[in-house]
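Asker: my questions concern the predicted model and sequence given below.
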Amino acid sequence: MGTGPRALCTRAFALLSIGCATAASDTDAPAAGGDLFGTNIVTLAITISPAELDTLRHNSDSHSYVPATVSSGGETLTNVGLHCRGNPASELATGKPDLIVTFDKFVHKQRFRGQRRLVLQAGRDDPSYVAAPIVHEMFAQAGIPAPRCGFAKVRLNGRDLGLYVLIEGVEKEFIRQHFSSDDGNLYDEGDPPDVTGRLEKARGSDRHSQTDVDSLAAAALLSDPGERWKQLQQQLDVDRFLTFTALEVLWWLSDSYSLDAKKFRLYHDPESGRFVFFPKKIEEVLRRTDGPAVPHCKGVVANAVLTTPEGNARYRKTLARLLDSTFEPGKVQARARQLAAAIRPAAVGQDAAAAQAFDDALTRFCDAVSHRADFVANELKAVSTK
């Protein structure tokens with residue numbers, strides 16, 4: 001099989017198509033905006049007036065929008081909502097801010113290629129840009145709802161910001177692609193972020209009520225492991241939660257739900273009556289390659305599941321299954337190199353230093369995947385031989 005750039009790009013596109021098909025498997029209708037996600041690199045020109053840019057920079061509320069104009073491929077949308085993801089002053093000071101673009105913020109039902117919202121992730125933690133797309137893809141392939149990813153070349157007020165990871169927004173259309181009903185309650189992390197706090201209700205009836213979350217929290221806090229496991233199985237899609245937790249641990253995701261009780265979404269599926277967790281804001285991956293396979297989890301639900309005998313045993317089996325299939329180093333490394341071959345010209349241009357940083361980041365990522373898989377496999381083996 002060929003290994004040149006053309007062959008690599010072809011295989012990368014084929015794998016991305018498989019990932020997108022997996023994400024849309026719960027509906028007959030194809031997901032909107034398919035041309036945005038994959039190895040196509042969209043060009044986005046964003047224009048913000050000086051006054052609005054100054055407003056954005058000094059916004060005390062990081063979720064406060066300013067109007068902007070977005071142009072791409074001959075299409076121009078005006079009065080598009082834009083804000084920084086994170087502290088606006090700090091993000092803008094980097095010279096390459098993470099951005100949230102909401103197309104209907106100021107114009108009712110305005111869409112860009114079927115999308116209401118897109119996240120533009122600068123990739124400051126990963127100069128190869130491949131980690132976040134691969135991890136999102138792996139969650140989706142394992143049956144966990146996860147946004148689709150693509151890539152964008154971004155210009156802001158005429159200045160080239162370079163390549164970004166383009167991430168699908170979690171909207172009603174996203175829920176429809178992953179669940180048979182979109183009438184359930186969708187929650188985002190709150191303050192405090194865990195289920196024992198007040199979550200942000202993104203969708204659902206009665207925005208001030210979270211009785212379903214409170215019931216899940218009550219089950220997770222039961223002191224008797226047997227009763228806790230029984231109650232959790234009624235409140236939680238346990239199989240998917242074990243997969244969700246195992247993937248967060250395998251990738252040792254920074255600010256994840258399982259490890260840090262941060263950065264998560266959950267949906268109360270009205271068909272099953274159970275909660276499904278899925279990831280949010282995947283940026284820094286494999287922060288540690290020697291993190292324990294069965295860590296102390298700060299996430300209340302993760303800790304509740306893993307501290308029951310049944311949950312712990314099933315979690316270990318889930319880890320082993322993922323290591324043998326989804327998180328197999330050869331597959332992940334091949335995927336990374338395929339994506340890299342497709343995006344490298346856009347990422348580095350003619351900049352030799354950028355090219356070196358890109359190649360070094362790709363090598364570090366591939367090496368870290370091998371080290372992580374070996375470490376977890378050895379830990380699981382050590383426990384099984386006791």
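Answerer: Received, thanks.

Asker: could you use CA atoms for every contact and neighbour count after this?
Answerer: Fine.

Asker: domain map for the chain?
Answerer: Domains of the chain are assigned by automatic domain parsing as 5-169, 174-324.

Asker: need the ones you listed in CSV (columns: distance to His371 and mean neighbour count).
Answerer: Supplementary listing: those in CSV, determined by distance: least, C-alpha to C-alpha, whole Å; neighbours: other C-alpha atoms under 10 Å:
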stretch, distance to His371, mean neighbour count
domain 5-169, 15, 19
domain 174-324, 6, 19
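
Asker: out of the ones you listed, the one nearest Ala336 is which?
Answerer: domain 5-169 (6.1 Å; C-alpha to C-alpha).

Asker: could I get the full set of helices for this structure?
Answerer: Using DSSP state H, the helices of the chain run over residues 5-23, 50-57, 88-93, 131-141, 172-178, 211-220, 225-235, 238-250, 257-260, 300-306, 309-324, 329-348, 352-384.

Asker: tabulate those in TSV, adding columns for mean pLDDT and distance to Ala202.
Answerer: As requested, the helices of the chain are arranged in TSV below (pLDDT from 0 to 100; distance: least, C-alpha to C-alpha, whole Å):
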stretch	mean pLDDT	distance to Ala202
helix 5-23	39	21
helix 50-57	96	23
helix 88-93	94	22
helix 131-141	97	21
helix 172-178	94	10
helix 211-220	98	13
helix 225-235	98	20
helix 238-250	98	20
helix 257-260	97	18
helix 300-306	98	20
helix 309-324	97	29
helix 329-348	97	32
helix 352-384	96	34
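
Asker: looking at those helices, which is closest to Gly184?
Answerer: Taking the helices of the chain one by one with C-alpha to C-alpha, helix 172-178 is closest: 9.2 Å.

Asker: pretty sure Leu216 contacts Gln235?
Answerer: Yes - contact status for Leu216 versus Gln235: in contact at 5.8 Å, counting by C-alpha atoms under 8 Å.

Asker: ok, what's across the strand from the spatially closest residue to Arg207 that is not a sequence neighbour?
Answerer: Once flanking residues are discounted, Arg207 sits nearest to Lys201: 5.9 Å by C-alpha to C-alpha, 6 or more residues apart in numbering. Here Lys201 sits in beta bridges with Tyr187, as judged by DSSP bridges.

Asker: next up, the contacts around Ala368.
Answerer: The neighbourhood of Ala368, defined by C-alpha atoms under 8 Å, 6 or more residues apart in numbering, consists of Leu286, Thr289.

Asker: hmm, back to that, what separation do you get for the residue nearest to Arg207 and Lys109?
Answerer: Distance, Lys201 to Lys109, by C-alpha to C-alpha, to the nearest Å: 21 Å.

Asker: for His208, same thing?
Answerer: Taken as C-alpha to C-alpha, the span from His208 to Lys109 is 25 Å.

Asker: ok, now Arg85?
Answerer: 22 Å.

Asker: also Gln338?
Answerer: 36 Å.

Asker: can you check Val285 too?
Answerer: Counting by C-alpha to C-alpha - Val285 and Lys109 are separated by 35 Å.

Asker: do Asp360 as well
Answerer: Relative to Lys109, and taking C-alpha to C-alpha, Asp360 is found at 43 Å.

Asker: one more: Val301?
Answerer: Distance from Val301 to Lys109, by C-alpha to C-alpha: 36 Å.

Asker: repeat for Leu161
Answerer: From Leu161 over to Lys109 (counting by C-alpha to C-alpha), the distance is 28 Å.

Asker: now swap in Ala68 and tell me
Answerer: 16 Å.

Asker: same check, this time on His371
Answerer: To Lys109, His371 is 47 Å away according to C-alpha to C-alpha.

Asker: again with Thr196
Answerer: 34 Å.
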